[in-house]
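Novice: Next one to model:
(chains A and B)
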Amino acid sequence: MKAFNFFSPTSLDEAKNLLSQYQESVAIVAGGTDIVIELNEGHANPDTVINIKRLKFLEYIRLDEGVLHIGALTTFDMISKSNLIKDKVRVLYDAARKVGSPQIRCLGTIGGNLSTASVAGDGVSAMMTLKASVVLESKTGQRVMSLADFLAGTGVSNRNALRADEILTEVFFKLPNEKTATAFYKLAKRKSLAISVIGAGMLVEVDDVGICTDVSMRGGCLARYPLHFKEAEEHLRGRKISRELLEETLPMLHDAVYESAKSRPWSVFYKKESVQGVYGHLFDSILEQLEGKINE
Amino acid sequence: MNKISISFNLNGQPRSIEVYPNRRVVDLLREDFGLTSVKEGCAEGECGACTVIVNGEAVTTCCMLAGQVDQATVITLEGLAQNGELDLIQKCFLEAGAVQCGYCTPGMILTAKALLMKNPVPAEDEIKIAMSGNLCRCTGYEKIHAAVNKAAQLNREALKSGGETIG
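Specialist: Below you'll find the predicted structure:
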């Protein structure tokens, strides 16, 4: 591992000042489950490493006026042990408790997952399904943007909009209401210690008679960033949710995956088929959750 | 590169050391403290061999920089036996024959220990989930699960008879 200077700031101001000062060549370490391996293998070679694990105040899950705020240093273990998330945000609960392994979930943070923005980041896929937004802070001020804009941005790493002097401090999203069902399904070679082959999320909001008033479908590992199944969403919006209607979207998912990944024939051959099985599981979960919530 | 000074509790003893910041915790424990129970397997957080207990949680030390255990409480396998007597979970591993080549064993035992520290009487499902981050290429896992189950069962009996849990 290349030599670097190391700092462990204890306040956000201190962290922002350090980032500003060393932005020429700096890496932030939170849980370390990605960056420490990159450092060890020589794929990342910063002159300075800033350990932000001491910023304990960035570990929180807070509900405020219908918006759920999650601090960047909240680990996947904390997320999967939150009763509020288990009860109300199944897409995030199911994504968080399948990440890596118990050990990795105790280290890995949601802020790190979004900042690294891996193709296979289950936190990225779940948060995109929830249409989350992120808060970025630097010495020069604060930026708040949708996660979609964040991922589309070209900051220091081309992975997202994060600048070299910035730190992601929070992710937030509207807490799904009583008439909303969400779900996440991870397809992988094993249940544990396996990277996602597909990590897909779904959100369906209905009115009193079961008409779909909002829908979100995002599939991780199917494009550089979670694939947006727009055609399938449009097919569901404004219609009464039923198993038949949901299953009508399966060919659209097939086609969307084919279009997105056809330059990788070795992978798309499998994924265009398996995405339908993945969403079959998601439909089961969504219908089960909506049962009893619709006045027939 | 300047050395950094870190202080932490290691197996019940306060320790301080000056290290280069590019040292991982697995190297710190093995090389600087000679605790060779900490095994490096995959070096990318995917096998669990380097697991130790940090602040009560089982974590993989190949994913951690030395500076990240400053002020922490760390337990390695060497810290389990007290006054020459093995910990309950170690005895259960011995009795169940849960060890073959032994390379995964320290990580397995510490993952089980972290679980039992939080929940002395875990259900079978909880054991399976807790142990899912440790790979073993020899045993087929059956005897490892039997060992952790046995520890949970002994704790359950101890609680029932009004005694203290041992794990």
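Novice: Can you see whether the biggest helix by length in chain B contacts chain A, counting any residue in it?
Specialist: Counting residues, the longest helix found in chain B (DSSP state H) is helix B:142-160. No: for helix B:142-160 and chain A, the contact criterion (C-beta under 8 Å from any C-beta of the partner chain) is not met; the two come no nearer than 13.2 Å. C-betas here are computed from N, CA, C, even on glycine.
Novice: Let's see the pLDDT reported for B:Thr60.
Specialist: We have a pLDDT of 98 for B:Thr60.
Novice: these two touch, right, it and A:Gln103?
Specialist: Yes: in this structure, B:Thr60 is within contact of A:Gln103 by C-beta atoms under 8 Å, at 4.5 Å.
Novice: list the residues that contact both of those two?
Specialist: B:45, B:48, B:51, B:133 (C-beta atoms under 8 Å, 6 or more residues apart in numbering or on different chains).
Novice: among those residues, which two are most distant?
Specialist: B:Gly45 and B:Thr51 (10.1 Å; C-beta to C-beta).
Novice: of these two, who's got more company?
Specialist: B:Thr51 (34 against 28; other C-beta atoms under 10 Å in any protein chain shown).
Novice: surely the more buried one meets B:Cys62?
Specialist: No: using C-beta under 8 Å, B:Thr51 is not in contact with B:Cys62; the gap is 9.6 Å.
Novice: What pLDDT does the model give whatever residue of chain B ends up closest to chain A?
Specialist: Nearest to chain A, among the residues of chain B, is B:Gly133, at 2.7 Å (C-beta to the nearest C-beta). Note for B:Gly133: predicted pLDDT of 96.
Novice: Can you report how many residues lie near it?
Specialist: B:Gly133, neighbours per other C-beta under 10 Å, totals 25.
Novice: which non-adjacent residue is nearest it?
Specialist: A:Ser101 (2.7 Å; C-beta to C-beta, 6 or more residues apart in numbering or on different chains).
Novice: Would you mind listing the residues in contact with the residue of chain B closest to chain A?
Specialist: A:100-104, A:192-193, B:48, B:51, B:58, B:60, B:111.
Novice: mind running it again at 10 Å?
Specialist: Contacts for B:Gly133 (C-beta atoms under 10 Å, 6 or more residues apart in numbering or on different chains) come out as A:100-106, A:192-193, B:45-48, B:51, B:58-60, B:107, B:111.
Novice: Now the residue nearest in space to the middle of chain B: phi and psi?
Specialist: Centrality entry for chain B: nearest residue to the mean C-alpha point is B:Leu110, 2.0 Å, by C-alpha atoms, centre = their mean. Main-chain dihedrals, B:Leu110, degrees, to the nearest 10: phi -70, psi -40.
Novice: isn't it right up against B:Leu77?
Specialist: Yes: applying C-beta atoms under 10 Å, one finds B:Leu110 in contact with B:Leu77, separated by 6.2 Å.
Novice: so what sits against both of these two?
Specialist: B:37-38, B:51-53.
Novice: What are the boundaries of the helices in chain B?
Specialist: Using DSSP H, helices in chain B cover B:25-27, B:88-96, B:105-118, B:124-130, B:142-160.
Novice: Next, format those helices as TSV and append mean pLDDT and distance to A:Thr74.
Specialist: Compiled in TSV, the helices of chain B are given as follows (pLDDT from 0 to 100; distance: least, C-beta to C-beta, whole Å):
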stretch	mean pLDDT	distance to A:Thr74
helix B:25-27	98	22
helix B:88-96	97	30
helix B:105-118	98	19
helix B:124-130	96	20
helix B:142-160	95	28
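Novice: mind checking which of those helices is nearest A:Leu236?
Specialist: helix B:124-130 (33.6 Å).
Novice: For my notes, please list the helices of chain B in TSV and give distance to A:Ile286 for each entry.
Specialist: What follows is the helices of chain B, written out as TSV (distance: least, C-beta to C-beta, whole Å):
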stretch	distance to A:Ile286
helix B:25-27	42
helix B:88-96	41
helix B:105-118	33
helix B:124-130	24
helix B:142-160	34
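Novice: per-domain residue ranges of chain B.
Specialist: Structural domains of chain B, as assigned by automatic domain parsing, span the residue ranges B:4-79, B:88-160.
Novice: End to end on the longest one, go ahead and measure it.
Specialist: Think domain B:4-79. 25 Å (C-alpha to C-alpha, to the nearest Å).
Novice: From A:Glu247, how far off is the nearest residue to A:Glu248 once chain neighbours are set aside?
Specialist: Distances taken as C-beta to C-beta, 6+ apart place A:His235 nearest to A:Glu248, at 6.4 Å, with adjacent residues excluded. Taking C-beta to C-beta, to the nearest Å as the measure, A:His235 falls 11 Å from A:Glu247.
Novice: now swap in B:Leu65 and tell me
Specialist: Relative to A:Glu247, and taking C-beta to C-beta, B:Leu65 is found at 49 Å.
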